[in-house]
Each structure stands twice: as C-alpha cells, then as structure tokens.
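1. generate a structure from the sequence data that follows.
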Amino acid sequence: MTTVGERLVEGLAARGVEVVFGIPGVHTIELYRGLASGLVRHVTPRHEQGAGFMADGYARVTGKPGVAFVITGPGLTNTLTAMAQAKADSVPMLVISGVNRRASLGRGLGHLHELPDQAAMVRALCQTERLDDPAQLGAALDRAFAAMLAGRPGPAHIEIPTDVMGLPCPALAPPAALPQPPMAVPQALAEAAALLAGAKRPLILIGGGARFAEAETQSLAEALDAPVIQTVNARGLMHGHPLAVPAAPSFEATRALIRQADAILALGTELGPTDYDMYGNGMMPDLSGMIRVDVCPDQLARHPARLAIRADAGAFAAALLPLLTPRRADGAARASTARKAARAELATLHPAMPDQLAMVEAIRAALPAALIVGDSTQPVYAANLAYDHDRPRGWFNAATGYGALGFGPGAAIGAAVASPGAKVVCLIGDGGLGFSAAELRTALDERLPVTFLVWNNAAFREIAEAMQAAQTKIIGCSPSPLEMEPFAAACGLPFARVPQEPAALTEALRVACDGPRLIEVRPQVPFTAHGPAHARARCCHQRRQHQHRQQHQGGEDKGRPQPEARGNEAQRRRAEEIAEIAKQRRAGHRACAILGRGQPADQRKSRRRDDGRADAHHDEPGIGHRR
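-> Sure, this is the predicted structure:
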C-alpha cells in the first residue's frame with residue numbers, strides 16, 4: 001500500500017521539488033513517511049516561520065516554488081507571516097499543513113492544534129484547498145502549482161486531514177502542463193513600439209516581475225537608449241551598465257528623471273509606495289501616460305496608464321525588440337546624472353547613510369557575486385535606496401512591502417540551499433536577529449557557507465529615530481541585544497568583531513571559512529541620551545550599586561561567594577586575558593579575530609576583543625558583556 005503522504009512526495013518530486021523545509025509533529029508523521037524515500041531533501045528549521053522564510057529565499061534564487069511542511073494550527077499560524085511576505089514580493093511558496101480529522105472540523109471539540117476554520121484564515125491571504133479524497137491529490141497539486149506560477153507568483157496552501165494522510169492513494173498522473181503566461185497581442189505591441197519610437201527621452205521602470213529577464217531588459221534598454229530605474233526587487237540586473245539607475249524612485253533625483261521622460265515603460269513593477277514614495281511626501285510624478293506591462297490584471301487595474309498590457313515582462317521585451325529601430329536618446333548621460341544626484345541626495349536623508357552604504361559595498365568588494373539577503377536594518381535601508389549589486393537576484397530583503405522583521409536568517413539559509421557553493425551573507429540588525437537567532441544552528445546543521453553579519457547598534461534604532469523625529473519620548477527601543485561573541489560560541493560558529501570601517505569588514509570577510517560564521521559590526525554613530533547609550537549607562541550604574549551592597553551586607557550569606565563576586569572574578573580573569581593578548585600584539589603576534597578557526601566546535605573558547613581596550617558598548621573598562 002502506498003499512502004497519501006508517500007504519493008505527495010512523489011508528486012512534489014515530479015514537479016521539480018528538490019527540498020522541503022519543515023518541522024515534523026504528530027500531525028504530519030504520515031507526510032514524513034513519504035520523505036523516507038529520499039526523493040526530496042528535508043531541512044529542519046527551529047521555527048515554522050523560519051521554514052517559510054527558507055522556502056522564500058530558495059524560491060527567490062531559483063524561481064521554483066519553495067515548499068514547507070508544517071503541522072496543524074500553530075505550525076500554520078507561525079508560517080503565515082512568511083506567506084504574507086511571499087505574497088507581497090510575488091514569491092512562489094507552497095505550504096502543506098495538516099488539519100484535524102474530517103469528522104471533527106468546525107465542531108469546536110478541543111482537539112490538539114484545533115482552529116475554528118483553518119482554511120478560512122489562509123483564504124484571506126492566498127489560495128487554499130483541503131484534500132479529503134486521496135484520488136484528488138494530483139489535481140490538487142496541479143491547481144496549487146498553477147496558482148503559484150501561472151500568473152503573478154505567490155503562496156498557495158494545501159491542508160490534509162490527519163485521517164487522510166495515511167490512506168491508500170492511487171498512482172498520480174503526470175503533472176499537468178502549466179498555463180502559458182499571457183502574451184501581448186500584436187496590436188498592443190505595435191502601439192507600444194510606436195509610442196516608444198517617437199520618444200526623445202524614453203525611460204524604463206523595472207521591478208521584481210523582471211528579475212528573471214535581465215537579457216531581455218538590457219537589450220530593450222540598449223535599443224531605446226533608455227535609462228532603467230530599478231526597484232529593490234530588481235537590483236542586481238544590469239550591474240554597472242551605463243543605462244542602469246539602481247536608485248529608489250523615492251529620490252528627487254530619480255523623480256526628476258521620470259518627469260523629464262516623454263515615454264515611460266513600466267515592466268513588472270507594483271508601483272508600491274515603499275519603493276515609489278518611501279517618505280510619503282506625495283511628490284511622485286504623474287505616471288498616467290505610461291505603458292505598463294504586468295502579468296496580473298488586478299495590478300494593471302490599480303493605476304491609470306495610457307497603455308496597459310497583460311504580459312510577462314521578459315516575453316514582452318523579447319517580442320517588442322524586433323519592432324524597434326536602435327537609436328540614440330542621450331540615455332547614458334541621463335542615467336549618469338541621476339545616479340550621481342541620487343548618491344549625493346542620500347546624505348541629505350540621513351548623514352549616516354553614505355557610511356552605511358559603504359559597508360554594503362565592502363561586502364560586494366570582498367565577496368563578488370555573493371547572495372546578500374537583508375533583514376530590516378539600517379545598512380539595508382541605505383542600500384535599498386542606492387546600491388548596485390553584481391549578481392541578478394543576488395540582493396533581496398524584507399525591508400520593503402510587507403516588511404517582516406527576522407526574515408534574514410531563514411531566507412539566507414534557503415538561498416544557500418538553492419545555490420550550492422555560492423557565498424551567502426545575511427545582513428541583519430541585532431533587533432532582527434532576536435526574532436530568528438535559533439536558525440543559525442540550522443545553517444550549522446546543513447554546513448552552509450552563510451556569513452551572518454550583525455549590525456549591532458543595541459537598539460531598534462530606526463524606530464527610535466522615528467520617535468525622536470516625531471518629538472515623542474523614546475520607549476521600547478532599547479532591548480538588551482545578544483552578546484554576540486558568546487552567542488556565536490554557543491552556536492558553534494566562528495566569530496569576528498569589526499568596527500564600522502569598510503576595510504576592516506573586507507578583511508574579515510576574506511578570511512576563508514567553509515561553513516557558517518558570525519561577524520559583528522559595531523556602528524560608530526552614538527545614539528541620543530534617551531536611547532541605548534543612556535540605557536547602558538543606567539545599567540552600569542545599577543551594577544555598581546549592586547556591587548556596593550554586596551560588599552557591605554552581613555548575615556549568614558556573608559561568607560558565601562555571591563553572584564556578583566563570581567562575576568568580578570570572571571571579570572578579573574578577562575582583564576588578565578586582555579592584558580596578555582595586548583602583550584602578544586606588542587611583541588608582534590596578532591591575535592586571531594575569528595573564534596576557533598581550524599578548531600573543533602567543542603574546543604572553541606570565547607575571547608574578548610584582542611586590542612586590550614574596553615568594549616565599545618560599555619561605559620567602564622573591564623565591564624564584561626553582561627546586562
């Protein structure tokens with residue numbers, strides 16, 4: 001007998017699925033029976049949200065659906081955030097979950113993991129289907145894959161009752177062919193060609209819908225001699241090309257380029273405000289005269305356009321190209337002016353942004369063609385505004401659109417699984433890391449070459465600055481961050497700490513490492529008196545008060561070693577270690593910044609900074625990493 005769970009894995013493999021991300025539970029044991037065949041690889045995250053983010057990162061790199069297996073109820077609710085991020089960024093993701101026994105559904109009997117109506121909860125977000133009849137498994141998979149891939153990509157969900165998973169299931173028919181993407185009709189192509197041919201200053205806007213169409217987009221831009229403004233999800237296309245403008249349409253510099261254009265072609269872009277009006281000033285130029293191309297009819301209906309064409313961006317560009325006569329329209333000069341002006345404008349938005357962008361460019365210099373997966377953190381915000389990556393689909397993050405914090409680690413792991421041998425960097429803040437810290441062990445389990453680069457400003461810094469700008473008291477923005485060095489050691493990862501200096505970061509990144517590692521960056525810019533620096537000073541003051549009380553207390557505990565006394569002894573030992581390291585450096589020996597390089601994990605030891613100076617995050621020399 002071959003069960004539904006076994007046929008499910010066969011059906012996924014037949015549709016090109018090579019890996020699933022999931023955490024098994026009592027409600028999915030029969031699904032995991034199918035994985036025993038070895039047809040599909042399984043990766044175990046530490047949280048179902050991580051499973052969803054891993055599926056997302058995998059799909060962004062490959063273009064194929066990422067797949068997650070999760071349990072009924074809390075497993076699915078944990079995954080919903082990742083599904084919403086995938087929907088916002090048009091990422092194909094299939095989530096297969098359990099659901100309670102058919103006879104119990106909707107009755108509120110209090111079964112394990114029970115929800116009142118699990119499918120209704122998901123239906124608000126994406127297509128969902130319950131498999132009640134094993135004979136319908138193949139058709140259900142066909143419908144899910146069509147929903148993910150036939151139009152605008154996005155998530156889909158199949159739930160399988162626990163009393164169906166183990167039932168006998170007939171052999172599945174071969175997968176149905178996916179519907180072909182919509183093609184532009186000849187009349188629309190001819191009209192678009194005529195409008196563009198008559199323009200003196202044509203311009204192209206590209207978004208995530210064009211991320212797999214680099215060659216077609218570049219050929220079209222060259223034929224029109226048109227600058228190409230890229231949203232965040234299109235970065236990495238046309239790297240270094242004279243016509244590329246990898247700068248946000250929220251800049252006045254790029255908006256000037258848009259206003260000056262007499263023909264605008266928008267390819268696969270949502271025209272969403274997190275790209276086009278990030279600062280909410282309503283100054284985006286009128287786009288109602290554009291030619292807009294998108295696979296999604298709903299998107300085409302949301303903004304007025306002179307010509308709205310439902311088509312795949314790459315297929316449209318390829319079909320339009322033969323209808324155009326190559327010409328000159330001063331495109332390179334216009335693009336260069338916009339790039340330079342956008343770069344200069346960056347500093348006017350925030351004085352720290354140019355230096356933050358320089359750190360991202362240092363990653364690109366140290367690790368060419370790496371996959372850089374970002375979380376919501378300040379260097380990512382700066383780079384989303386004005387960064388040109390050197391690999392198609394090699395720069396992506398969750399800092400626009402849905403904006404799920406904690407996206408980075410899981411998505412970076414999925415990207416690394418999708419592209420064996422590629423260097424992967426997860427650029428994340430200390431706040432975002434707190435959401436998904438456990439996933440670093442998943443990278444270790446899978447021996448993935450992911451560098452977790454943590455921008456540790458000991459705060460929800462962006463939110464704190466927004467509160468400050470709103471002239472309200474900063475509250476809730478100073479949670480104590482992980483102490484990165486012992487955290488890395490606990491995860492079994494090599495560790496380095498670098499200052500906010502591009503050269504120092506480049507040097508650390510170029511150190512060979514055949515698995516995951518953690519590098520901490522300490523930003524230079526101090527925070528306001530009411531932010532993290534104030535909190536650290538208060539913490540140190542309270543610690544000194546506690547030490548004073550311990551020294552003067554009496555009673556039966558007086559002779560017993562107190563916790564703070566033990567801390568002071570450890571502190572003394574750390575101070576001696578620092579002094580010894582400093583002595584070695586003066587003698588010409590450089591202490592290695594990478595923890596345990598070349599040592600087994602169980603021999604790695606946590607080390608303080610090797611320069612003999614006090615930790616930059618503390619107010620007193622000798623105070624250890626305790627808050």
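2. how about the helices in the stretch 251-400 of the chain?
-> 252-260, 273-276, 297-302, 313-320, 331-349, 353-366, 378-386 (DSSP state H, counting those that start in this stretch).
3. so which bits of the shortest one are buried?
-> Of the residues in helix 273-276, those scored as buried under the neighbour-count criterion (16 or more other Cβ atoms under 10 Å) are 274-276. (C-beta placed from N, C-alpha, C; glycine too.)
4. go on, the first one?
-> When neighbours are counted by 16+ other Cβ under 10 Å, the buried residues of helix 252-260 are found to be 253-258.
5. JSON lines for those, including pLDDT and distance to residue 300?
-> Listed next are the buried residues of helix 252-260 as JSON lines, based on pLDDT from 0 to 100; distance: Cβ to Cβ, whole Å:
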{"residue": "253", "pLDDT": "96", "distance to residue 300": "28"}
{"residue": "254", "pLDDT": "97", "distance to residue 300": "23"}
{"residue": "255", "pLDDT": "97", "distance to residue 300": "23"}
{"residue": "256", "pLDDT": "97", "distance to residue 300": "27"}
{"residue": "257", "pLDDT": "97", "distance to residue 300": "24"}
{"residue": "258", "pLDDT": "98", "distance to residue 300": "19"}
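6. with distance to residue 450 added, can I get the residues you listed in TSV?
-> Listed next are the buried residues of helix 252-260 as TSV, based on distance: Cβ to Cβ, whole Å:
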residue	distance to residue 450
253	34
254	32
255	37
256	39
257	37
258	37
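7. between those residues, which is nearest residue 3?
-> Taking Cβ to Cβ as the measure, residue 3 sits nearest to residue 254 out of those, at 55.3 Å.
8. could you check how far the closest residue to residue 391 other than its chain neighbours is from residue 124?
-> Spatial nearest neighbour of residue 391, excluding adjacent residues (Cβ to Cβ, 6 or more residues apart in numbering): residue 369 at 4.6 Å. Residue 369 sits 39 Å away from residue 124, going by Cβ to Cβ, to the nearest Å.
9. higher neighbour count, these two?
-> Comparing residue 369 with residue 124 by neighbour count (other Cβ atoms under 10 Å), the higher total belongs to residue 369, at 14 against 9.
10. can you give me the pLDDT of that one?
-> Note for residue 369: predicted pLDDT of 97.
11. surely it meets residue 393?
-> No. At 11.2 Å, residue 369 does not count as touching residue 393 under the criterion of Cβ atoms under 8 Å.
12. ok, of the buried residues of helix 273-276, which one's closest to residue 197?
-> For the buried residues of helix 273-276, the minimum distance to residue 197 (Cβ to Cβ) is 26.5 Å, reached by residue 276.
13. find the nearest non-adjacent residue to the closest one, please.
-> Closest residue to residue 276 apart from its sequence neighbours, by Cβ to Cβ, 6+ apart: residue 249 at 4.6 Å.
14. repeat that for residue 130.
-> Nearest residue to residue 130, sequence neighbours excluded (Cβ to Cβ, 6+ apart): residue 159, at 5.0 Å.
15. counting neighbours, what do you get for that neighbour?
-> Applying other Cβ under 10 Å, we find 23 residues neighbouring residue 159.
16. can you tell me the helix or strand for it?
-> Following DSSP states H and E, one finds residue 159 within strand 155-161.
17. and the contacts of that strand?
-> Strand 155-161 is contacted from outside by 4, 8, 31, 72, 76, 83, 86-87, 91-102, 105, 118-119, 122, 125-132, 140-141, 144-145, 147-148, using Cβ atoms under 8 Å, 6 or more residues apart in numbering.
18. give me the neighbour count for residue 330.
-> Residues near residue 330, counting by other Cβ under 10 Å, number 12.
19. now it: how far from residue 314?
-> 26 Å.
20. right, and residue 462 touches residue 381 too?
-> Yes. Using Cβ under 8 Å, residue 462 is in contact with residue 381, at 6.8 Å.
21. and the end-to-end length of stretch 325-338?
-> End-to-end distance for stretch 325-338: 25 Å, by Cα to Cα, to the nearest Å.
22. typed the wrong thing, it's stretch 146-156
-> Taking Cα to Cα, stretch 146-156 runs 9 Å from one end to the other.
23. okay, buried residues for it please.
-> Buried, per 16+ other Cβ under 10 Å, within stretch 146-156: 146-149, 151-156.
24. need these in a markdown table (columns: pLDDT).
-> Shown next, in a markdown table, are these (pLDDT from 0 to 100):
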| residue | pLDDT |
| --- | --- |
| 146 | 96 |
| 147 | 95 |
| 148 | 96 |
| 149 | 94 |
| 151 | 89 |
| 152 | 93 |
| 153 | 96 |
| 154 | 96 |
| 155 | 98 |
| 156 | 98 |
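25. I'd like the residues you listed written out as TSV, with distance to residue 235 added.
-> Formatted as TSV, the buried residues of stretch 146-156 follow (distance: Cβ to Cβ, whole Å):
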residue	distance to residue 235
146	29
147	27
148	23
149	23
151	24
152	20
153	18
154	21
155	23
156	27
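26. contacts only, for the residue nearest the centre of the chain.
-> What sits nearest the mean C-alpha location of the chain, by Cα atoms, centre = their mean, is residue 397, with 3.4 Å. Counting by Cβ under 8 Å, 6+ apart, residue 397 touches 232, 373-376, 380, 384, 407-408, 427.
27. tell me the one among these nearest to residue 434.
-> When these are ranked by distance to residue 434 (Cβ to Cβ), residue 375 comes first, at 10.7 Å.
28. separation between that closest one and residue 334?
-> Relative to residue 334, and taking Cβ to Cβ, residue 375 is found at 34 Å.
29. tell me which of those two has more neighbours.
-> Higher neighbour count among residue 375 and residue 334: residue 375, with 28 against 22, using other Cβ under 10 Å.
30. find the nearest non-adjacent residue to the more buried one, please.
-> Spatially, and ignoring its direct neighbours in sequence, residue 375 is nearest to residue 408 (3.4 Å; Cβ to Cβ, 6+ apart).
31. tell me the contacts of residue 29?
-> Each residue near residue 29 by Cβ under 8 Å, 6+ apart is listed here: residue 165.
32. wait, I meant residue 43
-> By Cβ under 8 Å, 6+ apart, the neighbours of residue 43 are 19-22, 54, 413, 417, 442, 446.
33. report the beta-bridge partners for it.
-> Beta-bridge pairing of residue 43 under DSSP bridges involves residue 21.
34. that one and residue 431: what is the separation?
-> To residue 431, residue 43 is 25 Å away according to Cβ to Cβ.
35. residue 194 too?
-> Residue 194 sits 51 Å away from residue 431, going by Cβ to Cβ.
36. please identify which of the two sits among more neighbours.
-> Set residue 194 next to residue 431 and count neighbours by other Cβ under 10 Å: residue 431 wins out with 24 against 10.
37. test my guess that the more buried one contacts residue 456.
-> No. Assessed by Cβ under 8 Å, residue 431 is found out of contact with residue 456, at 9.5 Å.
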